[in-house]
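[1] give me a model of this one.
(one chain, ligands or ions: 1)
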Amino acid sequence: MNADPQTIVFGETPLSIESIIAIAGEHRPVQLSDQPVFVQRIEQGRQQLDRHLAEDVVVYGVTTGYGDSVSRSVAAGLLDELPLHLSRFHGCGLGDPLSVEHARAVMAVRLASLCSGYSGVSRALLQQLVEFLNHDIVPVIPAEGSVGASGDLTPLSYIAATLAGEREVIYRGTRMPSRQALQQAGLQAFEPGIKEALAIMNGTAVMTALTCCAWRRAEYMAHLAARISALAVIGLQGNPGHFDARLATAKPHPGQTDIAARMHRDLAGLGADYQPARLQDRYSIRCAPHVIGVLADMLPVFRQTLETELNSANDNPLIDPDSGDVLHGGHFYGGHVAFVADSMKNLVANIADLLDRQLALLVDPRFNHGLPANLSGAPPARASINHGLKAVQIGASAWAAEALKNTMPASVFSRSTECHNQDKVSMGTIAARDCLRVLELSEQVAAAQLIAVHQAIQLRLQQGQLARQQLTGDVQTFIDALSETVPFIDEDQPLEDVLRTLVQRIQSRQWSLD
Ligand SMILES: N[C@@H](Cc1ccc(O)cc1)C(=O)O
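    Reported below is the predicted structural model:
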């Protein structure tokens with residue numbers, strides 16, 4: 001069915017983190033499967049719900065009030081109005097809006113979940129989400145106000161509302177009322193039928209989407225940190241023997257082994273005659289694979305959890321597609337995602353700390369084995385007025401500290417809310433937002449350390465303590481690419497623009513590190 005190989009199809013095979021990122025960031029087109037099994041499954045779910053309604057079965061959120069108001073039954077004449085009430089009373093989010101990329105990821109993740117066929121929603125609802133993604137109509141979703149268990153009710157209410165032509169969206173770069181964007185795109189508002197607003201809102205899509213985006217950045221951070229650490233070894237005249245494959249075999253965590261191998265490969269050009277300045281380097285150098293490797297080892301575990309969550313029915317109630325039975329449960333509870341985000345931010349912040357410690361060694365003549373103070377490249381006659389990377393290091397210390405400060409797990413701050421119906425909640429969305437913030441700060445530390453390792457290597461080359469042929473082809477290419485952005489720092493100059501460009505390059509995964 002799928003003519004355009006670029007198109008990502010929902011309703012057939014499970015989606016990966018990469019497909020979510022491709023939809024969110026690269027605007028890959030999406031479509032619903034037209035396979036009869038999928039079409040039937042979706043139609044059946046809806047018919048079964050209608051049947052329950054006709055038979056006066058009590059279904060939570062369809063014939064009852066929401067949450068703790070479950071014990072209130074809704075008069076038959078008001079049932080149709082109930083869905084829009086849900087999205088409307090949850091229109092109380094605060095904080096900055098999610099970025100366009102993140103809001104698109106949220107829509108894609110919610111669509112994946114609804115396509116699992118347990119939510120009893122119509123194909124028309126799924127199609128409206130497809131249209132929003134393909135026309136790039138992006139709901140403005142305030143980031144704050146979810147406890148992450150009862151789903152991401154409040155932020156997801158902005159999806160339910162905008163599909164229905166309420167609240168605001170970003171369309172063609174302009175913030176405007178959703179109704180106006182729908183009109184301009186030639187689409188109709190989709191007013192949710194019974195259970196449909198609940199199905200959109202009662203799930204973990206915001207935290208899952210944000211954590212998928214974080215996962216991709218964390219993966220790049222692990223590989224970049226390995227490259228930076230290898231360059232720090234070169235700058236500090238460190239000992240490449242710490243990354244010997246035989247050491248890795250003796251403690252074979254696969255992620256750690258991979259990081260050590262990457263570093264060892266990057267150091268292979270130093271040659272047999274190379275003499276390190278010390279027999280054993282300080283831990284931020286010697287143990288780099290042991291710090292970065294924990295993240296590298298946990299990423300596959302995190303991936304499995306995130307992909308299970310994103311392809312799951314994390315809604316309530318569910319409609320069993322085979323029997324049609326209504327299953328009342330708590331799949332909107334985001335405990336798994338909360339744990340992934342809380343853990344990932346800890347591992348990423350540890351890398352920021354590692355890079356900041358390496359930077360501290362590089363700028364300090366007591367530890368850097370013959371490099372100038374603050375790595376200043378000023379000639380001796382002008383050394384007294386030049387300060388090299390002094391302020392960049394101070395900045396990196398601040399960013400590392402802030403990253404570390406944000407590692408406090410969010411999930412341990414569960415609090416009872418909503419009249420004690422939601423008396424244990426995940427706080428997974430806060431964990432996911434923290435994780436993204438920790439990544440941003442860590443990327444800033446990495447940018448600072450990129451300037452430092454670049455400068456250290458240029459100084460070693462100038463001082464004749466390193467020959468260009470001692471750098472592998474990959475390392476030469478990387479240093480040359482850095483030199484397009486990073487100047488040799490001799491005279492004092494503002495480096496904000498350089499740092500910002502580097503952060504942007506890191507976030508767009510500019511350099512191929514494999
Ligand atoms: N998540 C709740 C539903 C709910 C919806 C809206 C609320 O305001 C509160 C709770 C449940 O399924 O039980």
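
[2] going by C-alpha atoms from here, please, whenever you check contacts or count neighbours.
    Noted.

[3] of all residues in the stretch 101-250 of the chain, which one is closest to the ligand?
    Nearest residue of the stretch 101-250 of the chain to the ligand, counting by C-alpha to the nearest ligand atom: Ser150, 3.4 Å away.

[4] can you count the residues close to that residue?
    Neighbourhood size, Ser150 [other C-alpha atoms under 10 Å]: 27.

[5] that one is in contact with Tyr333, isn't it?
    Yes. Counting by C-alpha atoms under 8 Å, Tyr333 is a contact partner of Ser150 at 6.2 Å.

[6] interface residues of the chain facing the ligand?
    Residues of the chain found near the ligand (C-alpha under 6 Å from any ligand atom) are 66-67, 150-151, 202, 316.

[7] number of nearby residues for Pro380?
    8.

[8] from the residues of the chain next to the ligand, which is closest to Lys424?
    Ranked by distance to Lys424 (C-alpha to C-alpha), these are led by Ser150 at 9.8 Å.

[9] could you find the closest non-adjacent residue to that closest one?
    Nearest residue to Ser150, sequence neighbours excluded (C-alpha to C-alpha, 6 or more residues apart in numbering): Phe332, at 5.3 Å.

[10] just say helix, strand or coil for the one you found.
    Put simply, Phe332 is coil when judged by DSSP: H, G, I helix; E, B strand; the rest coil.

[11] where do the helices of the stretch 1-150 of the chain begin and end?
    Along the stretch 1-150 of the chain, the stretches classed as helices by DSSP state H, counting those that start in this stretch are 17-26, 36-54, 82-89, 100-114, 123-135.

[12] now those in CSV, with mean pLDDT?
    Shown next, in CSV, are the helices of the stretch 1-150 of the chain (pLDDT from 0 to 100):
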stretch, mean pLDDT
helix 17-26, 98
helix 36-54, 95
helix 82-89, 97
helix 100-114, 98
helix 123-135, 98
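
[13] just these: most buried one?
    helix 100-114 (a mean of 26; mean count of other C-alpha atoms under 10 Å).

[14] CA atoms of that one as PDB?
    Below are the C-alpha coordinates for helix 100-114, written out as PDB (Å, rounded to 0.1, in the frame of the first residue of the first chain):
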ATOM      1  CA  VAL A 100       7.300  22.200  17.600                       C
ATOM      2  CA  GLU A 101       9.500  19.100  17.400                       C
ATOM      3  CA  HIS A 102       8.300  17.900  20.900                       C
ATOM      4  CA  ALA A 103       4.700  18.600  20.200                       C
ATOM      5  CA  ARG A 104       4.900  16.700  16.900                       C
ATOM      6  CA  ALA A 105       6.500  13.800  18.800                       C
ATOM      7  CA  VAL A 106       3.700  13.800  21.300                       C
ATOM      8  CA  MET A 107       1.100  13.600  18.500                       C
ATOM      9  CA  ALA A 108       3.000  10.700  16.900                       C
ATOM     10  CA  VAL A 109       3.300   8.800  20.100                       C
ATOM     11  CA  ARG A 110      -0.400   9.200  21.000                       C
ATOM     12  CA  LEU A 111      -1.300   8.100  17.500                       C
ATOM     13  CA  ALA A 112       0.900   5.000  17.900                       C
ATOM     14  CA  SER A 113      -0.900   4.100  21.100                       C
ATOM     15  CA  LEU A 114      -4.400   4.700  19.800                       C
END
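
[15] could you measure from the nearest residue to Gln476 once chain neighbours are set aside over to Arg217?
    Leaving aside its sequence neighbours, Gln476 sits nearest to Arg468 (C-alpha to C-alpha, 6+ apart; 7.6 Å). For Arg468, the distance to Arg217 equals 31 Å [C-alpha to C-alpha, to the nearest Å].

[16] contacting residues for the closest residue to Phe38 other than its chain neighbours?
    In space, Phe38 comes closest to Gly11 once its chain neighbours are excluded; the distance is 6.2 Å by C-alpha to C-alpha, 6+ apart. By C-alpha atoms under 8 Å, 6 or more residues apart in numbering, the contact set of Gly11 is 32-33, 38, 112, 115-116.

[17] go on, Gln256?
    Gln256 makes contact with 248, 289-290, 292-294, 296-297 under the criterion C-alpha under 8 Å, 6+ apart.

[18] which element is it on?
    Gln256 belongs to helix 254-266 when assigned by DSSP states H and E.

[19] how far out from the middle of the chain is that helix?
    Averaging C-alpha positions (C-alpha atoms, centre = their mean, to the nearest Å) puts helix 254-266 24 Å from its chain's average.

[20] export it to PDB, keeping only CA atoms.
    Taking Å, rounded to 0.1, in the frame of the first residue of the first chain, the C-alpha atoms of helix 254-266 are listed here in PDB:
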ATOM      1  CA  PRO A 254      29.200  -4.200  26.200                       C
ATOM      2  CA  GLY A 255      28.500  -0.400  26.300                       C
ATOM      3  CA  GLN A 256      31.700   0.300  28.300                       C
ATOM      4  CA  THR A 257      33.600  -2.000  26.000                       C
ATOM      5  CA  ASP A 258      32.300  -0.100  23.000                       C
ATOM      6  CA  ILE A 259      33.300   3.300  24.500                       C
ATOM      7  CA  ALA A 260      36.800   2.100  25.300                       C
ATOM      8  CA  ALA A 261      37.100   0.700  21.800                       C
ATOM      9  CA  ARG A 262      36.100   4.000  20.300                       C
ATOM     10  CA  MET A 263      38.700   5.800  22.400                       C
ATOM     11  CA  HIS A 264      41.300   3.300  21.600                       C
ATOM     12  CA  ARG A 265      40.700   3.600  17.900                       C
ATOM     13  CA  ASP A 266      40.900   7.400  18.100                       C
END
